[in-house]
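**Q** Predicted structure and sequence below. I'll ask about it afterward.
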Amino acid sequence: MDGYDRPERTVTRVWMVGCGTMGGAMLRQWIASGVLAPGNVDVVNRADRLLPAGVRQARDVPSGALPDLVILAMKPQQLDEVAGRFAERLRGVPALVSILAGVEEHALAARFQAGAIVRAMPNLPVGIGKGVVALDSSSADPALRKAITTVMAALGLVEWVDPAQFDAVTALAGCGPAFLYRFIDALAAAGVAQGLPEDQANRLALATVEGSALLAAAADVPPGTLADRVASPDGSTRKGLDVLDQGQALVALLRATVAASAARNAEMAAEARR
Ligand SMILES: NC(=O)C1=CN([C@@H]2O[C@H](COP(=O)(O)OP(=O)(O)OC[C@H]3O[C@@H](n4cnc5c(N)ncnc54)[C@H](O)[C@@H]3O)[C@@H](O)[C@H]2O)C=CC1
Ligand SMILES: O=C(O)[C@@H]1CCC=N1
């Protein structure tokens, strides 16, 4: 029997261990999109946080039957503490999803006994359904992969990736929003340096990035072609692009940026190995 003959799997009841900035963004969008019903979600946090109405939260996992899915969304540094407290109780859960940066599937499998373990790497715009979620699992069968894909699709673009590339994907897409926020601030600051009022420069930079990203997403040509469309020969955009392109300045800066993040992910993977 191949995977496609197996019955459909659905994700209805979910427990989240840790639900802060990222777990909260995912949960808000799952509930807003109707993928999860608030009454079917239990959250374990160190202290109560503002969560969507109807979601239960406590300091411990619930008693009673295990859910369809457990999501680990605390910090990677809290992995051993959480495993020590909850691994026994979570034993046999059908699926465990971890969003912990750098922590590999076998590091999770060494601590938790689940039907399948899936690594997920979301990014912050998942909170508005415009994020990216990278996924990997060697233990999930096709039916579970399909069910997880469906749940994650409410958050944005879903891509299954090679485990060897997970650190790179984390650096590009997981960390990427922070790099873009720096770019927006830097673009605004450059406008201020040219004499614009700060609040106006902030508005202009943000709207320029928003509109440009939406246009690029809808275009049938790559971003480089769009850049050339903005730049008339010998015009002012070309003069600015010449600065970014000289010695591949921007490319080199971003290569170093993403490489530094990927290297830190690899370090965290090593710390979690046993
Ligand atoms: N913030 C981001 O943009 C992204 C974060 N991640 C990953 O998401 C995870 C969480 O990151 P954030 O949401 O930024 O952190 P956060 O600090 O905002 O949230 C962590 C949550 O875990 C809870 N927690 C801590 N120790 C706990 C324990 N022993 N038992 C139960 N709950 C516990 C805290 O109460 C808190 O609500 C990390 O593993 C990170 O690598 C992944 C992609 C992007
Ligand atoms: O830097 C962090 O801790 C997380 C991992 C990926 C994005 N943010």
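**A** Received, thanks. The structure displayed is predicted, hence computed values, not measured ones. Ligands and ions are numbered 1, 2, ... in the order given.
**Q** So residue 36, which state does it fall into?
**A** coil (DSSP: H, G, I helix; E, B strand; the rest coil).
**Q** my guess is it contacts residue 29, does it?
**A** No. Taking CB atoms under 8 Å as the definition, residue 36 is not a contact partner of residue 29, at 9.6 Å. Using the backbone N, CA and C atoms, a C-beta is placed for each residue, glycine as well.
**Q** Just the element for the closest residue to residue 202 other than its chain neighbours, please.
**A** Nearest residue to residue 202 in three dimensions, chain neighbours excluded: residue 188, at 4.7 Å (CB to CB, 6 or more residues apart in numbering). Residue 188 belongs to helix 176-193 when assigned by DSSP states H and E.
**Q** Report the buried residues of the helix or strand that that helix is followed by.
**A** Following helix 176-193 in sequence order, the next helix or strand is helix 198-218 (DSSP H and E). Applying a neighbour-count criterion of 16 or more other CB atoms under 10 Å, one finds 201, 202, 205, 209 buried in helix 198-218.
**Q** ok, the residue of the stretch 1-150 of the chain found nearest ligand 2 - how many residues close by?
**A** Ranking the residues of the stretch 1-150 of the chain by distance to ligand 2 (CB to the nearest ligand atom) places residue 101 first, at 3.5 Å. The criterion is other CB atoms under 10 Å. On that basis, residue 101 has 21 neighbouring residues.
**Q** repeat for the one 10 residues further on
**A** A count of neighbours around residue 111, defined by other CB under 10 Å, yields 21.
**Q** what's near enough to touch it?
**A** Residue 111 makes contact with 79, 80, 83, 87, according to CB atoms under 8 Å, 6 or more residues apart in numbering.
**Q** quick one: terminal-to-terminal distance for stretch 213-224?
**A** Distance between the two ends of stretch 213-224: 13 Å, counting by CA to CA, to the nearest Å.
**Q** What separation do you get for residue 90 and residue 179?
**A** To residue 179, residue 90 is 35 Å away according to CB to CB, to the nearest Å.
**Q** Pipe the buried residues of helix 198-218 into JSON lines and attach distance to ligand 1 and pLDDT per row.
**A** As requested, the buried residues of helix 198-218 are arranged in JSON lines below (distance: CB to the nearest ligand atom, whole Å; pLDDT from 0 to 100):
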{"residue": "201", "distance to ligand 1": "26", "pLDDT": "98"}
{"residue": "202", "distance to ligand 1": "22", "pLDDT": "98"}
{"residue": "205", "distance to ligand 1": "21", "pLDDT": "98"}
{"residue": "209", "distance to ligand 1": "18", "pLDDT": "98"}
